[in-house]
Every structure is written in C-alpha cells, then in structure tokens.
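# Take a look and give me a structure for this.
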Amino acid sequence: MPGIVTILSIMSRRSRSILTAVAAIVVVWLMAWSGYVIAQNTKMTAEKIRRYVSSIDLRALSAAERADALRKLADKINALSLEERRQWRMSGEWRKWFDEMTEEEKAQFIDATLPTGFKQMLNAFEDLPEARRRKTIDDAMRQIYETHALPLDREPGQDAPMYGTNGAPALSPQLEQRLRTIGLKSFYSESSAQTKAELAPLLEEVQRQMENGRAFR
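All right, here's what the predicted structure looks like:
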C-alpha cells in the first residue's frame, strides 16, 4: 500500500505541474493577444485620419479650436507608417483641410509633418556629386510613376483619380525643371507651402533612397 500511495502522490504532483505549465502558457498567450489587440487599436491609420477629418468642419471652429484641430491632425499624420502616409495622400482627402488653411497655417502644417530626418536628408543630398543627385531624382521620379503617383492613374476597375478629384501632389514639368536647375535644398527652401505639398511624394522617395543607400551606389 505505501508503494501505491507514493505512486499516486508522484502522479498528483506531476498533474499539478502539468496543469500549472498549461495555465502559464494560457496566461502568456492571453497577454500576448491582448497586447496585439491593444496595439492594433492604438495604431494610427489613414482610415482613422479620414474619419477624424470628416468629423470636423474646420471653418466652424474658433481660432483656438482650429489651432488645436490642426495640431492633432499633424500628430496623427506623424504617427502613420510610410505606407499609411501614402494611402492618406492618395485618398485626396488631405486637400479638404489643406485648401481651407491660411498660408501661415499651411507653412506651419508642412513643417510640423516633415518626416523624421528630413532636413538631414536635404543636407546629405546636397553633398552628393551632381551626377548622383540627378540620378537620384530620376530614380525617385520613375518610382513615383511606377507606384501610381500620377493624377490620371487608376487602379484596375477605378473610375476616379487615385488622389481624388483635385489630382495628385505630383510635380508638374515646370516644377521639375526648376528643381533640377537650382537644386533640391534651395528649391524647397524657396517654395510656397502649396509647392512643398506637391513635392512631398518626391521628397519622401528621395529620402527613402538615401536611407537605404541607393543614392550612394
């Protein structure tokens, strides 16, 4: 009998150990899943910004409320990933508020939503040999065309322009020529807020190439 009791005692301890291990695994899994759900719910997306913009009439706000709304919009845009940032621009809804901003508000908004490291990128770009700068701009422009950044581009089955009825913030031939003539940094510093908005796709693509080293090859 003592032997049977000992065996049962060992089996009982093993069962408790297994149950404890299973419970620990379940707890860890639930914590990981909860973290994932929270991250997904707090992640900023282009769709969340569209809902925010659609929920507020900028023209009906007081000066203080207007400044607060624009600051919140800038914070939301800065929280977007590069892909979500492109989706937000491609929706064309970015123009709803931008066209209603004053020139001062536009300038502040552009500065507030510059990608991290943007100014350092401009300085590094200017240090490249002229031939390398031209190639980088050519490559960036080609990438913009290939990723449907043109006003008349359509996704299969779409009837409307991808960037909304007002068209995409893509470079006109005149802006492109002036950019190549005076250089990216000088052109950007001398440009209006509206032109800077039009430059955004190109500048982001140039920065991407600079960051992944393609501009130095």
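# Past the helix or strand encompassing A69, which element shows up next along the chain?
Remark: A69 resides in helix 63-78, with elements defined by DSSP states H and E. Following helix 63-78 in sequence order, the next helix or strand is helix 82-90 (DSSP H and E).
# still on that earlier bit, output the contacting helices and strands for the helix holding A69.
Contacts defined by 3 or more CB pairs under 8 Å, 6 or more residues apart in numbering; DSSP states H and E place helix 63-78 against helix 46-54, helix 103-112. Heads up, the C-betas are built off the backbone N, CA and C, glycines and all.
# Output those helices in a markdown table; the columns should cover mean pLDDT.
Compiled in a markdown table, those are given as follows (pLDDT from 0 to 100):
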| stretch | mean pLDDT |
| --- | --- |
| helix 46-54 | 92 |
| helix 103-112 | 91 |
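# how about a markdown table for those helices, with mean neighbour count added?
As requested, the helices and strands packed on helix 63-78 are arranged in a markdown table below (neighbours: other CB atoms under 10 Å):
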| stretch | mean neighbour count |
| --- | --- |
| helix 46-54 | 16 |
| helix 103-112 | 16 |
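# closest one to D139 among these?
helix 103-112 (24.1 Å; CB to CB).
# would you put the C-alpha positions of that closest one in PDB?
Once non-C-alpha atoms are left out, helix 103-112 reads as follows in PDB (Å, rounded to 0.1, in the frame of the first residue of the first chain):
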ATOM      1  CA  GLU A 103      -0.800  80.400 -45.900                       C
ATOM      2  CA  GLU A 104       0.600  80.700 -42.400                       C
ATOM      3  CA  GLU A 105      -1.300  77.600 -41.300                       C
ATOM      4  CA  LYS A 106      -0.100  75.700 -44.400                       C
ATOM      5  CA  ALA A 107       3.500  76.600 -43.700                       C
ATOM      6  CA  GLN A 108       3.300  75.500 -40.100                       C
ATOM      7  CA  PHE A 109       1.500  72.300 -41.000                       C
ATOM      8  CA  ILE A 110       4.100  71.400 -43.600                       C
ATOM      9  CA  ASP A 111       6.900  71.900 -41.100                       C
ATOM     10  CA  ALA A 112       5.100  70.000 -38.400                       C
END
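# buried residues in the helix holding A69?
Neighbour counts over helix 63-78 (16 or more other CB atoms under 10 Å) mark R66, A69, L70, L73, A74, K76, I77 as buried.
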